[in-house]
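**Q** with the input below, show me the fold.
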Amino acid sequence: MLFRIIMFLLLVAYQTADAQKLFYVSPTYTQPQDFYFGVFDVGTCQDSTILRIKWSLDFTLIADLAVCPDGKFYLTGYGDNGTAHFGRLNLADSSVTVLNDIPTTSNSLTCDANGVLYGGSGFGLFSYDTNNGITTSHGFLGYALAGDLTFINNELYGTTFYNELIRIDPNNLPATQVVFTYPLVGFDAYGVVTDVYSCDSSTTYITTTNGDRAGITDTLTQIYKLDLVNQTVTLVCETPFVIYGAATANEFLASDCSVRLDLDEDDSSTAPGADYQAQPYCGGSDFVAVADTDAVFYAGYRVDSLHIRLLPSAPDGAAEYLLATVVPPLSISGQNSHWLTLHNLGGAKALDFQTAIRSVRWQNTAAVVTPGPRTVEFIAFASGGRGDTALAFIPVLPPRTAGRDTSVVICADGSPFALLTLLSPNASSGGTWQPALPANGLFDPANTSSTLFHYILPANECPGDPANINILVRPRPIFSLGPDQSFCAGDSVDLGPVGGIVTGQDGTTNAAYQTNLPDL
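**A** Coordinates of the predicted model:
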């Protein structure tokens, strides 16, 4: 039940534009090793403590929290021996799994859209790839990170001692610079976190405590709203407990401010780039998928709509059309026509559009389908004029036939001949024989016994049923009239094969033919 509660809260945070839900970890101070995990609603200044994190020698102190695209919670902290770690919080049993050691201390953590965790302190910046388990050191940062890291509009930011917000380029740490020095009533920032709806709609919060460097014990947390454009901070909440690390369920979205549409992510359909090569259409009532099952749509910005249309037109008119399956918060116009439009009713995410894209189908109900290629164009429109385009190609092929089935009987001493001559005149060319014929394509009855052959057209060319050619090879009969005989004028003798039937010169058919020697 506890796991379901967490997943429900996480889902709410993802799907609500103004969720203002902060996940946090907090120490109890009654037992230094005890930490709690909870959810704080900035809008109401109310918190919900969800679980007590199990104590372990590996994590006697938890410094920060992050959520990755896989929906899992990750931690950074220290073990009993002072070793710093990246870890994963297991919601099912409240335990923490160590993922990898960090060369030096880290009190900051955030995750990007690719599942890469970034953590660091004044001694350096590190990253941990949750996909392959590799930790990378990016070098000396040059600024003492006081609390946390976050992404804002495609860039990484951190809070330092002395109330500085710095912009960090993980690939060029010397370019790190202070962008804003903010006034806080309390101590240095313990956290900076961004609640993201899209890259052009997000809110960043800074958390601090009421302690100071003189040693006053922290007793509460103050949450400020950060306005980076106007460089202001505004107090919005106070909590009766200390927040050590904070995260939102969608913070990583701000690390990838792009719009990407790929109809075949692994390129298994052989179409280049983001395009898709559909299966050939050979007539009938079948639907043709115009996106692969691994089609991907990503948008760091709010998606307004997605247009899907046939290009340039449909040769068979209204008989061919597009259709898709959508559910709120999406709507569709143009269903069963040449042009579909998916509309964002409000709150729709890129994943909602991705699900709809994978459902798009093309169909042709014409009695006689016009052969020729069809092209389906996908155009995504996001806020600020951003978007992306991809194409799906549908080959519409004429019907083909392998011909009629045939059965022939030939003699073993017959001449070699081409099996193609046994196909009906309407048979399409380009097929293959099973079993395979010799390189010259001839059937030689002297070397091959009776065989059932199949003439099969290529699978990607609307083949229909194969043609079956059954060849029965019969040996020549051994004919003998019997032993030589001598007889006198006026006598008769039976001539004929043993156990066979013979037709005489007078047209009679018997097991033997009687001939007479006339009188001389």
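
**Q** ok, now how distant is residue 193 from residue 222?
**A** Distance, residue 193 to residue 222, by CB to CB, to the nearest Å: 14 Å. The way it works is simple: take the backbone N, C-alpha and C, and place the C-beta from them, glycine included.

**Q** more crowded one of those two?
**A** Higher neighbour count among residue 193 and residue 222: residue 193, with 30 against 22, using other CB atoms under 10 Å.

**Q** who does the more buried one bridge with?
**A** Note on residue 193: beta-bridge partners by DSSP bridges are residue 205.

**Q** tell me the pLDDT at it?
**A** Note on residue 193: pLDDT of 93.

**Q** touching, it and residue 205? I think so.
**A** Yes: between residue 193 and residue 205 a contact is recorded at 5.4 Å, counting by CB atoms under 8 Å.

**Q** which residues are in contact with each of these two?
**A** 22, 246 (CB atoms under 8 Å, 6 or more residues apart in numbering).

**Q** show me the contacts for residue 343.
**A** Residue 343 touches 304-305, 330-333, counting by CB under 8 Å, 6+ apart.

**Q** can you rerun that using 7 Å?
**A** Going by CB atoms under 7 Å, 6 or more residues apart in numbering, residue 343 touches 305, 330-331, 333.

**Q** ok, and the most crowded of those residues?
**A** residue 330 leads the contacts of residue 343 on contacts (other CB under 10 Å) with 22 neighbours.

**Q** in the sheet, who's paired with it?
**A** Bridge pairing for residue 330 - DSSP bridges - gives residue 344.

**Q** tell me how far it lies from residue 347.
**A** For residue 330, the distance to residue 347 equals 10 Å [CB to CB].

**Q** find the centremost residue of the chain, please.
**A** For the chain, the residue nearest the mean C-alpha position is residue 294 (2.7 Å; CA atoms, centre = their mean).

**Q** close enough to count as contact, that residue and residue 262?
**A** No: Residue 294 is beyond contact range of residue 262, at 8.5 Å (criterion: CB atoms under 7 Å).

**Q** wait, a strand at residue 351?
**A** No: for residue 351, which was evaluated using DSSP: H, G, I helix; E, B strand; the rest coil, the result is helix, with no strand membership.

**Q** just put the contacts of residue 343 in a markdown table and tack on distance to residue 422.
**A** Supplementary listing: the contacts of residue 343 in a markdown table, determined by distance: CB to CB, whole Å:
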| residue | distance to residue 422 |
| --- | --- |
| 305 | 58 |
| 330 | 57 |
| 331 | 59 |
| 333 | 56 |
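
**Q** with distance to residue 152 and pLDDT added, can I get those in TSV?
**A** Output for the contacts of residue 343, formatted as TSV (distance: CB to CB, whole Å; pLDDT from 0 to 100):
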residue	distance to residue 152	pLDDT
305	26	96
330	28	97
331	32	98
333	35	98
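
**Q** and residue 164, what's its pLDDT?
**A** pLDDT, residue 164: 89.

**Q** surely it meets residue 181?
**A** Yes: using CB under 7 Å, residue 164 is in contact with residue 181, at 5.4 Å.

**Q** give me the next element, helix or strand, following the helix or strand bottoming out on mean pLDDT in the chain.
**A** For the chain, counting by mean pLDDT, DSSP states H and E, helix 2-15 ranks last in confidence among helices and strands (a mean of 41). Reading on from helix 2-15 to the C-terminus, the next helix or strand found by DSSP states H and E is strand 21-27.

**Q** next one: that following strand to chain centre, how far?
**A** A distance of 33 Å separates the centroid of the chain from that of strand 21-27, by CA atoms, centre = their mean, to the nearest Å.

**Q** touching that strand from outside, list them.
**A** Identification of contacts with strand 21-27 by CB under 7 Å, 6+ apart yields 9, 12-13, 34-42, 62, 65, 67, 73, 193, 205, 241-248.

**Q** for it, which positions count as buried?
**A** For strand 21-27, burial by neighbour count (16 or more other CB atoms under 10 Å) applies to 21-27.

**Q** what is the nearest of those residues to residue 447?
**A** Distance to residue 447 across these (CB to CB) is lowest for residue 23, with 78.2 Å.

**Q** if I look at the closest one, what pLDDT would I see?
**A** Residue 23 is given a pLDDT of 93.

**Q** do you know how far it is from residue 191?
**A** Taking CB to CB, one finds residue 23 at 11 Å from residue 191.

**Q** CA atoms of stretch 73-83 as CSV?
**A** Output in CSV follows, covering the C-alpha atoms of stretch 73-83 (Å, rounded to 0.1, in the frame of the first residue of the first chain):
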residue,chain,number,x,y,z
PHE,A,73,14.4,8.3,-6.2
TYR,A,74,18.2,8.6,-5.9
LEU,A,75,20.3,9.9,-3.0
THR,A,76,23.7,11.2,-2.3
GLY,A,77,25.3,10.9,1.2
TYR,A,78,28.0,9.5,3.4
GLY,A,79,28.7,6.2,5.1
ASP,A,80,29.9,5.5,8.6
ASN,A,81,33.5,5.5,7.3
GLY,A,82,33.0,8.9,5.6
THR,A,83,32.8,7.4,2.1
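
**Q** tell me if I'm right that residue 100 and residue 135 touch.
**A** Yes: the criterion here is CB under 7 Å, and residue 100 meets it with residue 135 at 4.7 Å.

**Q** now do the shared contacts for the two.
**A** Listed as contacting both residue 100 and residue 135 by CB under 7 Å, 6+ apart are residue 128.

**Q** circling back to that earlier point, joint contacts of residue 23 and residue 191?
**A** Shared contacts of residue 23 and residue 191 (CB under 7 Å, 6+ apart): residue 246.

**Q** give me the neighbour count for residue 451.
**A** Residue 451 has 14 neighbouring residues, counting by other CB under 10 Å.

**Q** whoops, I mixed them up, residue 240
**A** 8.
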